[in-house]
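[1] Sequence and predicted structure below; questions after.
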Amino acid sequence: MNGPVMNGPTMNGAAPGEAYLAVELTGAGRHPAAWRLPDAAPGELFTAGYWTGLAQLADGAGLDFLVIPDSFAPPAEGPGAEATVRGRLDAVAIAARVAPVTRSIGLVPAATVTHTEPFHLSKAIATLDFVSLGRAGWQPSVSRTQAEADLFGRRDAAPAEVLWREVGEAVEVVVRLWDSWEDDAVIRDVSTGRYVDRDKLHYIDFTGEFFSVKGPSITPRSPQARPPVVLHLNEGVPDGADEPGVLAVAGRWADVVRLSAADLGAAAEARTRVRAAVAAAGRDPDGVPVLLDVGTLLAPTADEAARTADRLDGWAEAAGVPAGDLSGSVSWVGAAEQLAGLIGDAVHGVAADGVTLIPWALPSGLRLVADELVPLLRERGLRPAAARGGGLRERFGLSRPANYFTEAQV
């Protein structure tokens, strides 16, 4: 199986000169002290209302998709641990909760491959695709540390190249499971009493280095058939695009790539490597958009943004909490107008096909994206006048993929 197979012409996608625009939603924001800001809502972080409010704000702004990160990493210990938000909700469950109250935005939860069975992942993401009426995606994630491995007690932490081989194999298993039901397998023939055509369900009979899965899935083929795989070439690792094995996985399986880079020049070089990996896998590089991560702390003015950043860093320093490199990538502290210029430079300078914004503070950072940044991008021709309709695949010009098992029989 050599990556996603496409049938028919592509649809929609960004017009020439437009930027894809996504946002990552992390608790009170990426900055560890963000929960202390006056407009934060620390008492609501574990409520459905908090997450539905954020999702509806992003949806109303016409963003292409939102990412909900996840991790098996246990809460930090040591000095300053009591000053940070501890605990997290399950990303796939959050996405399923916000799906019925949003209209067009793509929903891309992170779901960790390491220590997790691909059968469960395939069912969870396919279910999200049904619940969202075709707006689901999946960001495969890895667990690197021994502390995470100890939570499960089944095996020790593995080197990066092993983890990424496992990711590639897990994605292949998930895709085959998604295809294990043909589109018309459910027939609901009342006269004969046949609900399903058994001949249109397929064992995947997969045996690899990490997994042995017979299948088929217990979930029918979902509205998009294969929800887009969004691969994040960062995962907290410097120069993550060059981590052993990750480019091979991106080349073969990614529908969208998220990329972290220190500046636009580094982003352009990394994007070139991603495109080369896609081409080496026999796929069209123009069909795999690359989005640059941009950490953001927005305010009505640059001075106000700088004061807020100083305040957050001061709180973190006093508590002994390292603020660190908050996005692992390009960051912007300032007003929306200058951020719009940065996004334009990234797209027009072929550093990226769009951006994934990572607000340092929520919900304020997302509100300014919706109220100030998006209108500026529309004025400059960097965003469409209205949100694109259809499913998440359509937003990226991806047609419905052929079924692996049907194609194999031709």
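    Right, received. Where do you want to start? Numbering: from 1, shown residues only.
[2] isn't Gly334 right next to Asp303, touching?
    No - applying Cβ atoms under 8 Å as the test, Gly334 and Asp303 come out as separate, 9.1 Å apart. Using the backbone N, CA and C atoms, a C-beta is placed for each residue, glycine as well.
[3] for Arg258, what are its contacts?
    Residues counted as contacts of Arg258 (Cβ atoms under 8 Å, 6 or more residues apart in numbering) are 22, 67, 139, 230-234, 291, 293, 356.
[4] quick check, it in a helix?
    No - per DSSP: H, G, I helix; E, B strand; the rest coil, Arg258 lies outside any helix segment and is strand.
[5] tell me which element Val23 falls in.
    Taking DSSP states H and E as the definition, Val23 sits inside strand 20-24.
[6] How about residues contacting that strand?
    Residues contacting strand 20-24 (Cβ under 8 Å, 6+ apart): 14, 30, 58, 63-69, 106, 108, 256, 258, 289, 291, 293, 343, 353-359, 366, 369, 374, 377, 383, 395-396.
[7] Is the closest residue to Val330 other than its chain neighbours in a helix, a strand, or coil?
    Counting by Cβ to Cβ, 6 or more residues apart in numbering, Val294 is the residue found nearest to Val330 once chain neighbours are left out, at 5.1 Å. Of the three states, Val294 takes strand according to three-state DSSP.
[8] residues in contact with the residue nearest to Arg258 when sequence neighbours are not counted?
    Leaving aside its sequence neighbours, Arg258 sits nearest to His232 (Cβ to Cβ, 6+ apart; 4.3 Å). Contacts for His232 were tallied using Cβ under 8 Å, 6+ apart; they are 110, 139, 141, 240, 257-258.
[9] hmm, try it at 10 Å
    Applying Cβ atoms under 10 Å, 6 or more residues apart in numbering, we find His232 in contact with 24, 67, 69, 108, 110, 139-142, 240, 246, 250, 254, 256-260, 291, 293, 328, 356.
[10] Mark which of these are buried, thanks.
    By neighbour count, with 16 or more other Cβ atoms under 10 Å, the contacts of His232 hold 24, 67, 69, 108, 110, 139-142, 240, 246, 250, 254, 256-260, 291, 293, 328, 356 as buried.
[11] Tyr195 against Val186, yeah?
    Yes - shown here, Tyr195 and Val186 form a contact pair, counting by Cβ atoms under 10 Å, at 6.8 Å.
[12] Settle it for me: which of these two has more neighbours?
    Val186 (16 against 11; other Cβ atoms under 10 Å).
[13] what pairs with that one across the strands?
    Residues in a beta bridge with Val186, per DSSP bridges, are Val196.
[14] ok, it - contacts?
    Val186 sits in contact with 194-197, 200-201, 220-221, where contact means Cβ under 10 Å, 6+ apart.
[15] Just the buried ones among these, please.
    Buried by 16+ other Cβ under 10 Å: 200-201, 220-221, out of the contacts of Val186.
[16] Contacts only, for Glu161.
    Counting by Cβ under 10 Å, 6+ apart, Glu161 touches 243-246, 248.
[17] Please flag which of the contacts of strand 20-24 sit within helices.
    58, 343, 366, 374, 377, 395 (DSSP state H).
[18] remind me which residues of the stretch 101-250 of the chain are low pLDDT?
    Filtered on pLDDT under 70, the stretch 101-250 of the chain yields the residue ranges 235-241.
[19] Where do the strands of it begin and end?
    106-112, 139-141, 186-189, 194-196, 206-207, 212-213, 230-233 (DSSP state E, counting those that start in this stretch).
[20] Looking at those strands, which is nearest to Asp156?
    Comparison of those against Asp156 by Cβ to Cβ identifies strand 106-112 as nearest, at 16.3 Å.
[21] got the angle between that closest one and strand 20-24?
    Angle, strand 106-112 to strand 20-24, by axes from the mean of the first three to the mean of the last three Cα atoms, to 10 degrees: 50 degrees.
[22] Would you mind giving the contacts of Val186 as a markdown table with distance to Ile94 added?
    Below are the contacts of Val186 laid out as a markdown table (distance: Cβ to Cβ, whole Å):
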| residue | distance to Ile94 |
| --- | --- |
| Arg194 | 37 |
| Tyr195 | 32 |
| Val196 | 31 |
| Asp197 | 35 |
| Lys200 | 33 |
| Leu201 | 31 |
| Pro220 | 24 |
| Arg221 | 24 |
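[23] can you tell me which of those residues lies nearest to Arg135?
    Distances from Arg135 to these, taken by Cβ to Cβ, are shortest for Arg221, at 16.0 Å.
[24] thinking the closest one is in contact with Val175, fair?
    No - between Arg221 and Val175 there is no contact under Cβ under 10 Å: 11.3 Å.
[25] residues near the nearest residue to Asp205 once chain neighbours are set aside, how many?
    Excluding the flanking residues, the one nearest Asp205 by Cβ to Cβ, 6+ apart is Lys214, at 6.1 Å. Residues lying near Lys214 (other Cβ under 10 Å) number 11.
[26] contacting residues for Lys214?
    119, 180, 203-207.
[27] who wins for most neighbours among those residues?
    Using other Cβ under 10 Å as the neighbour test, the contacts of Lys214 are led by Ser180, with 26 neighbours.
[28] My guess is it contacts Asn403. True?
    Yes - using Cβ under 10 Å, Ser180 makes contact with Asn403 at a distance of 9.0 Å.
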